[in-house]
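Engineer: Sequence plus predicted model, see below.
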Amino acid sequence: MKKLFLIITILTPMFLMAQTDSDMFDFSSIYYQGTAKSAAMGNAMGAVGNDFSAITINPAGLGMFRKSSFVFTPEFYAISTESSYKGDNGSDRAFRLPMNNIGLTWTQEFNGSALKSVSFALGINKLNNYWFNSYVNGNNPNTSLIDAYIEELYQNGIYDDYALEDYSPNGIFPLWETYLLDFYEGGIIDSDVPQGGLNQQYGISKRGSSREFSFAAGFNINEKLFLGASVNIPYFDKTVTKDYKETNLYSGDFRRWSQQETVKNSGAGINAKLGVIVYPVKFLRIGAAFHTPSLYKVEESWGTDTYSSFTDGAYNYLSPTGAYTYTVTTPYRLNASAAFIFGNYGMITADYEFVDYSKMRASSYDYNYSSFNKYIRNTYRGTSNIRVGTEWRWQTLAFRAGYAFYGSPFGFDKTEYRTNSYSCGLGYTYHRFTIDAAYVFSQRQNSYNLYEQYSEFPALYDNQNGDLVADDTKVKETTNINQVVISFKFRLD
């Protein structure tokens, strides 16, 4: 399976870089988080326009604004994750009250020319919500994570603590400092942690989000052609805390050990978007948009806290805090959309988006990322996102529903991190004021090998037939996300 969380050392041996390919995916992925109208319609807004969050998908939609407006959108966000490991189940939850977007548009109309109006927009839309909690719990009769670490050290020729400190100062070296592994004559590496008979627990907590500050312009030409462009400053902050713990299920000198890893990322960048919407016939709009890659400057810090307990004492080691700055380039995006218009009564709309995650890149002035970028190219693939929605009006009320499919970053036929979203909502307009509400339910499936969160090497053990085999540490996860979104829109003229 694809190793979304595979730890890859991408700096010199003196520094263990905490960045992983999962970080790159987080920086590059977008699950549109705009207004309640957009959310209720599955964010299938590429050919709809006249909505502030539609500008994030296709800036040509700004050309459809007739009046200046101001909008802001709060949200209730709840996420729960259920996991299965070694026949045991675990679960965790998180809640928050974020702000999805806030924006201002203003429109200048013209008479007697092909150019009917020009509209401008200024504001912020949320692109992704990183909030996530997961808890894994199970009993392992075969191996410890330390067995995978020992295999890694053998394969890399690490046979003393000096070499280990250079090789992995934050990850494996703290285990030597807390007496969890040691080096012996003859190139032997061993541990007092038993091979199996352990309760294993793994928890991950993500916090943060990505947003985009946009300045956009849209042009209405003869009510038939709409053009748009935007210059955007995307930015994000993300904190990931991983907790790993092993406890001896039986008697012995070893009792338990644990390690907490904290990685903090923040960054800002720039991109541009170009879009067009045309009215070939009265009942049909067709749209297309191109999003350039985003170029981010990322600041990252990381560190670990390791603890061990034996019958004769306990030990603790806090690693030095590492820090680094590097550059990330995200993939370009292509959007195609269509909206079928049924007079003033309603519409059915659909968006298709292509994104190639193999185009993600990392770089810096003082390190060659070619190996890491090659891994990205070989692991990730192009994928499709599909969104459909509908809206129907009756007097001052609007009724909406939608569906969105976000494909796996590992390719069209893969299921890891494939996301399905179902939505519905209402809108009510009173004079110059509109309130929209939406409910969105999203679900994604994921699977990964527990040890691969820390080492790319397997933990080996002798099975009942006396064969040396790799331990199966597969975790299956199901994540459910519930969102209640409310937008308040004020017409200003």
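Structural biologist: Nice, I can see it.
Engineer: what pLDDT does the nearest residue to Asn344 once chain neighbours are set aside get?
Structural biologist: Nearest in space to Asn344, with sequence neighbours left out and distances taken as C-beta to C-beta, 6 or more residues apart in numbering, is Arg393 at 6.6 Å. C-beta: built from backbone N, CA, C; applies to glycine. Looking at Arg393, its pLDDT stands at 95.
Engineer: which residues are contacting the helix or strand containing Arg393?
Structural biologist: Assigning secondary structure by DSSP states H and E places Arg393 in strand 382-394. Contact partners of strand 382-394, identified using C-beta atoms under 8 Å, 6 or more residues apart in numbering, comprise 37, 40-45, 344-358, 398-412, 423.
Engineer: Following element in sequence after it, please.
Structural biologist: Next in line after strand 382-394, if elements are assigned by DSSP H and E, sits strand 397-406.
Engineer: Direction included, what does the helix or strand following that following strand pair up with?
Structural biologist: On the C-terminal side of strand 397-406, the closest following helix or strand by DSSP H and E is strand 418-430. Under the criterion DSSP bridges, strand 418-430 sits next to strand 397-406 (antiparallel), strand 433-449 (antiparallel) in its sheet.
Engineer: could I get the shortest one in CSV with only the CA atoms?
Structural biologist: Same thing as strand 397-406. Provided in CSV are the C-alpha atoms of strand 397-406 (Å, rounded to 0.1, in the frame of the first residue of the first chain):
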residue,chain,number,x,y,z
LEU,A,397,-36.7,30.5,-0.4
ALA,A,398,-34.0,28.3,-2.0
PHE,A,399,-33.6,24.6,-1.5
ARG,A,400,-30.2,23.0,-2.3
ALA,A,401,-28.5,19.6,-2.3
GLY,A,402,-25.1,18.3,-3.5
TYR,A,403,-22.5,15.6,-3.7
ALA,A,404,-18.7,15.8,-3.9
PHE,A,405,-16.2,13.1,-4.7
TYR,A,406,-12.5,13.7,-4.0
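Engineer: okay, the angle between that strand and strand 382-394?
Structural biologist: 170 degrees (axes from the mean of the first three to the mean of the last three C-alpha atoms, to 10 degrees).
Engineer: Now strand 397-406: average pLDDT?
Structural biologist: In this model, strand 397-406 has a mean pLDDT of 97.
Engineer: Over to the last one?
Structural biologist: With pLDDT averaged residue by residue, strand 433-449 scores 95.
Engineer: Only the buried residues of the top strand by length along the chain, if you could.
Structural biologist: Ranked by residue count, the top strand of the chain under DSSP state E comes out as strand 254-281. Buried residues in strand 254-281, counted by 16 or more other C-beta atoms under 10 Å: 254, 256-269, 271, 273-279.
Engineer: quick one: Ile146 is in a helix?
Structural biologist: Yes. According to DSSP: H, G, I helix; E, B strand; the rest coil, Ile146 belongs to a helix.
Engineer: State the number of residues packed around it.
Structural biologist: Using other C-beta atoms under 10 Å, Ile146 has 24 other residues around it.
Engineer: can you check the one 10 residues further on too?
Structural biologist: Neighbouring residues of Asn156 were enumerated by other C-beta under 10 Å; the total is 15.
Engineer: Can you give me the pLDDT of it?
Structural biologist: Note on Asn156: pLDDT of 94.
Engineer: if we can go back for a sec, restricted to buried residues, select the contacts of strand 382-394 in PyMOL.
Structural biologist: Listed next is the PyMOL selection for buried residues among those, using 16+ other C-beta under 10 Å:
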select buried, resi 37+40+41+42+43+44+45+346+347+348+349+350+351+352+353+355+357+358+398+400+401+402+403+404+406+407+408+409+410+411+423
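Engineer: Relative to Gly402, how far out is the residue nearest to Asn344?
Structural biologist: Separation of Arg393 from Gly402 (C-beta to C-beta, to the nearest Å): 16 Å.
Engineer: How about Phe215?
Structural biologist: Per C-beta to C-beta, Phe215 is found 28 Å from Gly402.
Engineer: mind checking the SS state of the residue of the chain positioned farthest from its centre?
Structural biologist: Using C-alpha atoms, centre = their mean, the residue of the chain lying farthest from its centre is Gly112. It sits 48.0 Å away. Judged by three-state DSSP, the three-state class of Gly112 is coil.
Engineer: Check the gap between it and Phe219 for me.
Structural biologist: Noted for Gly112: a distance of 16 Å to Phe219, by C-beta to C-beta.
Engineer: give me every residue that touches Ala217.
Structural biologist: Contacts for Ala217 (C-beta under 8 Å, 6+ apart) come out as 59, 62, 118-121, 228-230.
Engineer: so Asp253 touches Asp192, yeah?
Structural biologist: Yes. In this structure, Asp253 is within contact of Asp192 by C-beta atoms under 8 Å, at 6.2 Å.
Engineer: neighbour count winner among the two?
Structural biologist: Higher neighbour count among Asp253 and Asp192: Asp192, with 15 against 10, using other C-beta under 10 Å.
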